[in-house]
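[1] sequence and predicted structure are below.
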Amino acid sequence: MFSQLQTVATDPILGLMAEYKADPNPNKVDLGVGVYKDEQGHTAVLKCVKEAEALRLKQEDSKTYIGMAGDLSFNAHIEKLAFGPAHQVLLANRVTTAHTPGGTGALRVAAEFIKRANPNATIWVTTPTWANHISLFQAAGLKVKEYAYYDYDSKGLQTEQMFADLNTIPAGDVVLVHACCHNPSGMDLNFEQWQRFTAIAKERGFTPLVDMAYQGFGSGLDEDAAGLRYLADNVPELLLCSSCSKNFGLYRERIGAVSIVAEDSKVAEIARVNLLSVVRSIYSMPPAHGAIIVSHILDSQELTALWHQELAEMRNRINDYRQLIIDKLAAEGVSQDFSFITRQHGMFSFLGINKAQIDRLKAEFSIYMVGSSRVSIAGLNHSNIDYFAKSVATVLK
Ligand code: PMP
C-alpha cells in the first residue's frame, strides 16, 4: 500500500534551512525561519519561563489528563490577554476557549469547528498569507479563496481593492484577518482600516477569524490587540486563534488557543460542547506543559512583569533593526527607498528585491531569505548587520 504513495513537495523554507545548515561560510546569515534570535543569534528560553518551569516541577503532583479544553486557568488568562480583562464579550460569557497544540492546532480545530457550523463555508485569506494557512484549511476540507491585501508596488496595503473584495463575501463564509505583524508582509491594518473591516463584516454578515500569532511583537500587548477588541465590540460572532510560540518563546512546547465568541451565552455553551467534541476526535486532549508555564507566569505579578520586560526587549530589538537596515543601506549608498520597513511590524518584512538578487545573496554571500524576499528581522545582529547591508547594496547595484 505505501508504495502507491507519490512524493510531495516540502515547504521551501525547510529546504532553505537545510542549505543554510550545510553552508560552511562562517559569515552566513539566516533570515529565513520565523523564530526570534537575540544579539548572539540564539533563541534563548525566557527567564520568566525558566522560573515558571521550576515552579511547575516543584508544585505538580499529578500527570492525569487535563481535559479536552485543556488548562482552564490558562484559558481564562489568554482570553483576558487577548480581549482585555473587562471586555464586554467576557463579562457577558460569550466566549469559550480551548487550549491547543500551538497556533497551528488552534487553526485546525477552528477549521473543523467551522465545517460543523457550515459545511459549505469558504475561508478567505489575505494575498499573500502564511503558506500553511492554505494547506491546513484545505486539509480540513474547507474551500479557500483569497482577498487582496499586500501591494508589492507601493509596499503598503491594496486598501481599496481589499475592501472591494471584502464587500463581495457572503454571510456563511469566514474571513481570516491577521491581528498584527502580518506574516509574511509585516503590513498591518491601521485602526481606521479595522473600523472599515468591522463595518463590512457587520453589513455582509460573514464571520471573522482573527489569527493572533504575534501579540506583543508589533507595538505592545494592548496595541496589537486593539483591532481584535474593536471587532469583538461590534460583530455578533468571531473566532480567535492565538499562539504563545513567539511572545512566550515556547515554540516547541506547542501552546496556543482557539476562542469562539458567540452572539450570546447560550450559543457560546453550544459552541463549547462542539469545540470539545472536535478536539476529542482529533487529539483527545492537549499537552499540558506550555499552558501551565503561561498560567504560572500570568498568575504571578512578578513573573508577569519579567515577561513584559523580556517581550519588550524582543520587540524593541526587532524595531531597532528595522531602522538600522534603512540607515545602513543608506550609508552604503543605496538610493532606493526602504523607509517602508519601519511602517511594517513584527517578525517579518518583504525587502522587495527580485529573485535574481535573492539568489545572488545566497550564492555569493550566504545570506538566506525565502523567495518572496521575506526576511526574518531577528536574524540580524551587531556582528552581521554591516555585512548584510554591504551585500544587499552590492546586489542592488
Ligand atoms: N499563524 C501565523 C500567521 C503564523 O505565522 C504562525 C507561526 N509561524 C502560526 C499561526 C502558528 O504558530 P504555532 O507555531 O504556534 O503553531
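    Perfect, thanks for sending it. Residues are numbered from 1 along each chain as shown.

[2] are the strand or helix carrying L209 and the ligand in contact anywhere?
    According to DSSP states H and E, L209 maps onto strand 207-212. Yes. Judged by CB under 6 Å from any ligand atom, strand 207-212 comes into contact with the ligand at D211. Just so you know, the C-beta spots here come from the backbone N, C-alpha and C atoms, and that holds for glycine as well.

[3] the helices in the stretch 51-200 of the chain, which residues?
    Listed in chain order, the helices of the stretch 51-200 of the chain (DSSP state H, counting those that start in this stretch) span residues 72-83, 88-91, 102-117, 131-139, 159-166, 191-204.

[4] and for the stretch 251-397 of the chain?
    Going by DSSP H, counting those that start in this stretch, the stretch 251-397 of the chain shows helices at 265-282, 289-299, 301-331, 355-365, 385-396.

[5] enumerate every residue touching N120.
    For N120, the contacting residues are G172, by CB atoms under 8 Å, 6 or more residues apart in numbering.

[6] about what we covered before: just checking, what packs against the strand holding L209?
    Contacts defined by 3 or more CB pairs under 8 Å, 6 or more residues apart in numbering; DSSP states H and E place strand 207-212 against helix 102-117, strand 174-178, helix 191-204, helix 226-234, strand 238-243.

[7] I358 is nearest to which of those?
    With respect to I358, and counting by CB to CB, the nearest of these is strand 174-178 at 23.6 Å.

[8] show me the contacts for the most centrally placed residue in the chain.
    Compute the mean C-alpha point of the chain, and by CA atoms, centre = their mean the closest residue is A213, 2.6 Å away. Listed by CB under 8 Å, 6+ apart, the contact set of A213 reads G103, W130, H178, C181, N183, C241, S242, S243, S245, K246.

[9] swap in 10 Å and give it another go.
    A213 makes contact with 34, 102-104, 106-107, 130, 178-181, 183, 241-247, 256, 346-347 under the criterion CB atoms under 10 Å, 6 or more residues apart in numbering.

[10] same question for F340.
    Per CB under 10 Å, 6+ apart, neighbours of F340: S154, K155, G156, S185, G186, M187, R322, I326, S349, F350, L351, G352.

[11] of these, list those near the ligand.
    Applying CB under 6 Å from any ligand atom, the subset of the contacts of F340 adjacent to the ligand is empty.

[12] residues of the stretch 201-350 of the chain that sit close to the ligand?
    Proximity of the stretch 201-350 of the chain to the ligand is confined to D211, A213, S243, S245, G256 under the rule CB under 6 Å from any ligand atom.

[13] let's see that with 8 Å instead.
    The stretch 201-350 of the chain comes close to the ligand at residues 211, 213-214, 241, 243-246, 251, 254-256, 347, as judged by CB under 8 Å from any ligand atom.

[14] can you say which of those are buried?
    With burial judged by 16 or more other CB atoms under 10 Å, the buried subset of those is 211, 213-214, 241, 243-246, 251, 254-256, 347.

[15] for F113, state which of the residues of the stretch 201-350 of the chain next to the ligand is nearest.
    Using CB to CB, these come closest to F113 at C241, 10.7 Å.

[16] give me the neighbour count for the closest residue to D299 other than its chain neighbours.
    Nearest residue to D299, sequence neighbours excluded (CB to CB, 6 or more residues apart in numbering): S73, at 7.1 Å. Number of residues near S73 (other CB atoms under 10 Å) recorded here: 16.

[17] same thing with the one 5 residues further on?
    The number of residues packed around I78, counting by other CB under 10 Å, is 27.

[18] that one and A291 touch, don't they?
    Yes. With contact defined as CB atoms under 10 Å, I78 and A291 form a contacting pair (8.7 Å).

[19] shared neighbours, those two?
    Joint contacts of I78 and A291 (CB under 10 Å, 6+ apart) are G70, D71, H99, C244, I255, G256, A257.

[20] show me what contacts the last one?
    Each residue near A257 by CB under 10 Å, 6+ apart is listed here: 69-71, 74-75, 77-79, 81-82, 97-100, 102-103, 105-106, 109, 212, 240-244, 286, 291, 294.

[21] go on, the fourth one?
    Listed by CB under 10 Å, 6+ apart, the contact partners of C244 are 49, 74, 78, 81, 99, 102-103, 213, 215, 250-251, 253-257, 290-291, 293-294, 297.

[22] that older thread, take the shared contacts of I78 and A291 and write them to JSON lines, including distance to L136 and pLDDT.
    Listed next are those as JSON lines, based on distance: CB to CB, whole Å; pLDDT from 0 to 100:
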{"residue": "G70", "distance to L136": "20", "pLDDT": "98"}
{"residue": "D71", "distance to L136": "24", "pLDDT": "97"}
{"residue": "H99", "distance to L136": "18", "pLDDT": "98"}
{"residue": "C244", "distance to L136": "18", "pLDDT": "98"}
{"residue": "I255", "distance to L136": "17", "pLDDT": "98"}
{"residue": "G256", "distance to L136": "13", "pLDDT": "98"}
{"residue": "A257", "distance to L136": "16", "pLDDT": "98"}
